[in-house]
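Asks: coords please:
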Amino acid sequence: MSRTLSRGRVVLIIVVVMAAGVVAGWRAGAFSAAAPPVAGGLGASAPFTQPVVRADMAAVTPVAATLGYAGSYLVAGEGGGSLTWLPSPGQVISQGRALYRVDGGSPVVLLYGRIPDWRAMSEGTVGGDVAELNRNLVALRYAGRADIASAGWNYYSAETAYAVQRLEAQLGVSFPPGSLASGQVVFEPRAIRVAAVTGRLGGPASGPVLRATSDDHVVMIPLDVSQEGEVRAGDTVRVTLPDGTSTPGLVSSVGRVATTSASGSGGTTTTVAVAVRLTDPRAAGDLDQAPVTVYITTATARDVLAVPVTALLARSPGRYVVEVAGPGNSRHLVPVTVGPVFDDSSGMVQVTGALAPGQRVVVASS
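Replies: Here you go, the predicted model:
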């Protein structure tokens with residue numbers, strides 16, 4: 001894990017990351033004055049040192065986010081009768097399954113499509129809603145593609161009527177009709193997850209019955225607008241779940257509308273919504289509205305010099321030196337410029353200066 005260090009924020013970020021105490025001293029001023037070079041000799045203790053390295057580095061910014069389910073909408077009943085069966089919250093309902101039942105157990109069926117069920121359908125009905133119905137019946141294998149195509153996809157044919165009977169028989173209807181009353185099916189783009197049940201058994205099967213989401217997990221990041229330019233759709237990220245496990249994800253969208261809200265410090269924050277899809281949807285189980293951390297790679301640097309962050313000594317704001325250990329326990333100071341990449345998994349920071357890989361720099365003792 002690593003993160004970007006701008007010159008103006010380097011002290012603050014390292015304090016947050018290395019909260020164990022050494023780097024906290026940097027912020028407090030413990031490194032405000034560099035020690036003078038020390039010559040070797042009797043009684044001089046050997047300093048703690050680590051080597052200067054040359055390596056590829058990546059800057060990763062951790063941001064707080066929330067893991068939930070994509071989409072939120074109401075499923076409203078359009079038919080008459082009373083509710084006699086309702087699903088449980090958290091239940092996932094897929095194509096061809098009953099969303100709820102009315103009166104004597106007649107099912108209201110979920111089918112996939114975007115045109116709403118707005119009318120009764122029977123043999124001879126023509127339209128886009130009929131085409132959606134036919135495509136579902138073929139996908140569910142209650143009708144043959146060739147039979148439906150020969151009559152016309154947007155035509156409610158005898159083959160359609162027979163397939164509807166087969167579907168309803170599978171759902172437990174004893175004497176299924178070949179027609180569909182208004183409200184007997186619900187078209188949604190895909191499977192749904194029941195977030196809450198708003199109807200009640202014995203209540204009317206009209207108006208809001210269920211509150212639903214998709215069955216796809218999504219991570220929503222309220223990203224500070226100052227970081228908006230660092231994130232693009234298609235970027236890969238890592239998501240740390242509440243149990244500490246990490247799973248990959250992909251930025252699916254970056255919002256264009258900023259939202260300003262009150263912050264805990266009494267000020268305000270302005271953010272844009274960033275959505276992340278998990279590469280492995282099963283990794284999150286059935287978690288909903290769970291806090292997670294997303295690590296966004298914002299910059300990379302190849303073949304750069306790096307030193308331990310605890311080797312940095314502040315000479316003045318924005319100016320640093322490192323203490324290089326030489327033969328015989330001699331030491332001398334070398335000015336360095338702190339680069340934009342800090343790797344908090346190794347505690348190494350990118351620098352430029354008169355250093356060479358393999359040289360030993362003095363670091364704070366643990």
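
Asks: okay, the closest residue in space to M348 that isn't next to it in sequence: pLDDT?
Replies: Once flanking residues are discounted, M348 sits nearest to A306: 4.2 Å by C-beta to C-beta, 6 or more residues apart in numbering. Just so you know, the C-beta spots here come from the backbone N, C-alpha and C atoms, and that holds for glycine as well. If you check A306, the pLDDT there is 95.

Asks: Confirm that A306 sits in a strand.
Replies: Yes. Looking at A306 with DSSP: H, G, I helix; E, B strand; the rest coil, it is inside a strand.

Asks: What is the burial count for R119?
Replies: Neighbour count for R119, taken as other C-beta atoms under 10 Å: 14.

Asks: Excluding chain neighbours, give the residue nearest to it in space.
Replies: Leaving out its chain neighbours, the residue that sits closest to R119 by C-beta to C-beta, 6+ apart is S182, at 5.6 Å.

Asks: pretty sure that neighbour is touching V108, no?
Replies: No. If you go by C-beta atoms under 8 Å, S182 and V108 don't touch, sitting 11.0 Å apart.

Asks: overlap in contacts of those two?
Replies: With contacts defined as C-beta atoms under 8 Å, 6 or more residues apart in numbering, the residues shared by S182 and V108 are G79.

Asks: In terms of secondary structure, what does the helix or strand where R193 lies contact?
Replies: Here R193, judged by DSSP states H and E, is contained in strand 192-197. Counting contacts by 3 or more C-beta pairs under 8 Å, 6 or more residues apart in numbering; DSSP states H and E, strand 192-197 packs against strand 92-93, strand 207-214.

Asks: Can you give me the pLDDT of S206?
Replies: Per the predicted model, pLDDT is 89 at S206.

Asks: residues contacting it?
Replies: Contacts for S206 (C-beta under 8 Å, 6+ apart) come out as 76-80, 183.

Asks: Looking at those residues, which is nearest R256?
Replies: Minimum distance to R256 across the contacts of S206 is 30.1 Å, recorded for A76 (C-beta to C-beta).

Asks: Please, which helix or strand holds the closest one?
Replies: Per DSSP H and E: strand 73-77 holds A76.

Asks: Let me have the helices and strands packed on strand 192-197 in JSON lines, extended by mean neighbour count and distance to G199.
Replies: As requested, these are exported to JSON lines (neighbours: other C-beta atoms under 10 Å; distance: least, C-beta to C-beta, whole Å):
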{"stretch": "strand 92-93", "mean neighbour count": "18", "distance to G199": "14"}
{"stretch": "strand 207-214", "mean neighbour count": "20", "distance to G199": "4"}
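
Asks: Throw these into a markdown table and include distance to I296, thanks.
Replies: As requested, the helices and strands packed on strand 192-197 are arranged in a markdown table below (distance: least, C-beta to C-beta, whole Å):
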| stretch | distance to I296 |
| --- | --- |
| strand 92-93 | 30 |
| strand 207-214 | 24 |
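
Asks: Tell me which of the ones you listed sits nearest to D344.
Replies: Between these, strand 207-214 lies closest to D344; by C-beta to C-beta that is 34.6 Å.

Asks: Which secondary structure elements does whichever helix or strand comes after that closest one sit against?
Replies: The first helix or strand that comes after strand 207-214 along the chain, using DSSP H and E, is strand 217-224. Packed against strand 217-224 by the contact rule (3+ C-beta pairs under 8 Å, 6+ apart) you find strand 53-69, strand 246-254, strand 268-278, strand 290-308.

Asks: Quick check: mean pLDDT of strand 217-224?
Replies: On average, strand 217-224 scores 94.

Asks: Now do stretch 176-184: distance to the chain's middle.
Replies: 40 Å (C-alpha atoms, centre = their mean, to the nearest Å).

Asks: what residues are up against the residue lying closest to T293 once chain neighbours are set aside?
Replies: Nearest-residue entry for T293: T240, 4.5 Å, with adjacent residues in sequence omitted and distances by C-beta to C-beta, 6+ apart. By C-beta under 8 Å, 6+ apart, the residues touching T240 are 246, 292-295.

Asks: 7 Å instead?
Replies: Counting by C-beta atoms under 7 Å, 6 or more residues apart in numbering, T240 touches 246, 292-293.

Asks: circling back to that earlier point, quick check: the gap between the residue nearest to M348 and V336.
Replies: Remark: distance between A306 and V336 (C-beta to C-beta, to the nearest Å) = 11 Å.

Asks: what is the closest residue to V304 other than its chain neighbours paired to in the beta sheet?
Replies: Among residues not flanking V304 along the chain, Q350 sits closest, at 4.9 Å (C-beta to C-beta, 6+ apart). Here Q350 sits in beta bridges with A306, going by DSSP bridges.

Asks: so how many other residues sit close to Q350?
Replies: Using other C-beta under 10 Å: Q350 sits among 23 other residues.

Asks: where exactly do the helices run in this structure?
Replies: 10-17, 24-28, 128-139, 145-151, 158-170 (DSSP state H).

Asks: Which one of those has the poorest average confidence?
Replies: Least confident of those, judged by mean pLDDT, is helix 10-17 with a mean of 32.

Asks: In this structure G353 contacts V334, no?
Replies: Yes. G353 sits in contact with V334 when judged by C-beta atoms under 7 Å, with a separation of 5.5 Å.

Asks: Name the residue in S182 and V108 with the higher neighbour count.
Replies: Taking neighbours as other C-beta under 10 Å, S182 and V108 compare with V108 leading, 24 against 13.

Asks: G203 is in contact with G77, correct?
Replies: No. Contact criterion C-beta under 7 Å: G77 and G203 do not qualify, at 9.6 Å.
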